[in-house]
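1. I'd like to go over a predicted model; first the sequence, then the structure.
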Amino acid sequence: MNSSRGERKCALMLATLVASDRRQLLSQLPPAAASRIKRLVGELQALRLPIAELAQALLADEVVGLTSETSLDVEQLIGLAAHLPDAWYARVLAAWGELDRSFCVSLLEPSRGAVVARELGRVPALPPRLAHALKAEAMQLAAVERAA
């Protein structure tokens, strides 16, 4: 039986959880997908490898930005707009690929939003390490703003 790349990633992440948490998450999936992922988790566990360490190494780029320590909420991102030039603000938005950028742009003053939207159109896909560096800098700027 073939599995998709997403199912394999899911299985690797789920294999790092305690059984009760894994069962709860699997129960929320469609039965066919849950069955395939459960089989993959079993195969991983049978390997007797340090699954948590492997998952961290193999999926590091997948989970960057998914925790509160490495992510900003929309309000914090909009707050950064007050402190960054339009071109850099566009790059910060580009770094958060999982974010609805058009929504963030729509929250800006209309003429500023138009400039940021144009800049976003010019920003190519960011390499993962560059996106990570931009996120880290944005997190630092947001922390400074919160402290002020």
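-> Perfect, I can see it now.

2. mind giving me the packing neighbours of the host helix or strand of Tyr89?
-> Element membership for Tyr89 (DSSP states H and E) is helix 86-95. If you count contacts as 3 or more Cβ pairs under 8 Å, 6 or more residues apart in numbering; DSSP states H and E, helix 86-95 packs onto helix 74-81, helix 101-106, helix 110-122, helix 128-147. To be clear about C-beta, it is placed using only N, CA and C from the backbone, and glycine gets the same treatment.

3. format these as CSV; extra columns: distance to Gln56.
-> What follows is these, written out as CSV (distance: least, Cβ to Cβ, whole Å):
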stretch, distance to Gln56
helix 74-81, 26
helix 101-106, 28
helix 110-122, 31
helix 128-147, 15
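
4. could you dump the helix holding Tyr89 to PDB, C-alpha only?
-> What follows is helix 86-95, C-alpha atoms only, in PDB (Å, rounded to 0.1, in the frame of the first residue of the first chain):
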ATOM      1  CA  ASP A  86       7.300  48.800   3.500                       C
ATOM      2  CA  ALA A  87       9.900  46.700   1.700                       C
ATOM      3  CA  TRP A  88      11.100  45.000   4.800                       C
ATOM      4  CA  TYR A  89       7.600  44.500   6.200                       C
ATOM      5  CA  ALA A  90       6.700  42.700   2.900                       C
ATOM      6  CA  ARG A  91       9.700  40.400   3.400                       C
ATOM      7  CA  VAL A  92       8.600  39.700   7.000                       C
ATOM      8  CA  LEU A  93       5.100  38.700   5.700                       C
ATOM      9  CA  ALA A  94       6.700  36.600   3.000                       C
ATOM     10  CA  ALA A  95       8.700  34.700   5.700                       C
END
